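Participant: The amino acid sequence is not available; the structure is as follows:
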């Protein structure tokens, strides 16, 4: 299958599977590029393949860098709720010809890599429990 322009591939993917927003595919491509660059650091040989778990981790890191505590809101608007959704998008782009795959790649490679609340909400929660201030003397609040 020959490579197609990425914008056309995104349009085809969204038409085929409207669960995911076009912006999510653009973000995914950018996250893949950053993941490859990160994996390439310190290596002399070229990266020829990124696994499902490596890509999911790259998506996590890139999303936190780009969007901080807004990741859950943005991902929800784009239709992303699980790492399986990342895999679905990857395989949609493979079907369009924008991404390639190895014979061993499967959608299951993206199953349960991490839970979104742990990955995108927990980093922004307070480290220690916040205790409520004591009630003022004479108040009825306990």
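Facilitator: Sure thing, it's come through. Being a predicted model, the structure only gives us computed values, none of them experimental. Numbers count the residues shown, from 1 in each chain.

Participant: mind listing what the residue nearest the centre of the chain touches?
Facilitator: Nearest residue to the geometric centre of the chain (CA atoms, centre = their mean): residue 59, 3.7 Å. Contacts for residue 59 (CB atoms under 8 Å, 6 or more residues apart in numbering) come out as 28, 31, 35, 86. In this view, the C-beta of every residue, glycine as well, is placed from N, C-alpha and C.

Participant: repeat that for 7 Å
Facilitator: For residue 59, the contact set (CB atoms under 7 Å, 6 or more residues apart in numbering) comprises 28, 31, 86.

Participant: Next one: it from residue 28, what distance?
Facilitator: 7 Å (CB to CB, to the nearest Å).

Participant: and for these two, which residues touch both?
Facilitator: residue 86.

Participant: show me where this structure has helices.
Facilitator: For the chain, the helices defined by DSSP state H occupy 6-16, 22-40, 52-67, 71-78, 83-96, 116.

Participant: can you redo those helices as a markdown table with distance to residue 122 and mean pLDDT?
Facilitator: Conversion of the helices of the chain to a markdown table gives the following (distance: least, CB to CB, whole Å; pLDDT from 0 to 100):
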| stretch | distance to residue 122 | mean pLDDT |
| --- | --- | --- |
| helix 6-16 | 30 | 97 |
| helix 22-40 | 20 | 96 |
| helix 52-67 | 11 | 97 |
| helix 71-78 | 11 | 98 |
| helix 83-96 | 15 | 97 |
| helix 116 | 10 | 97 |
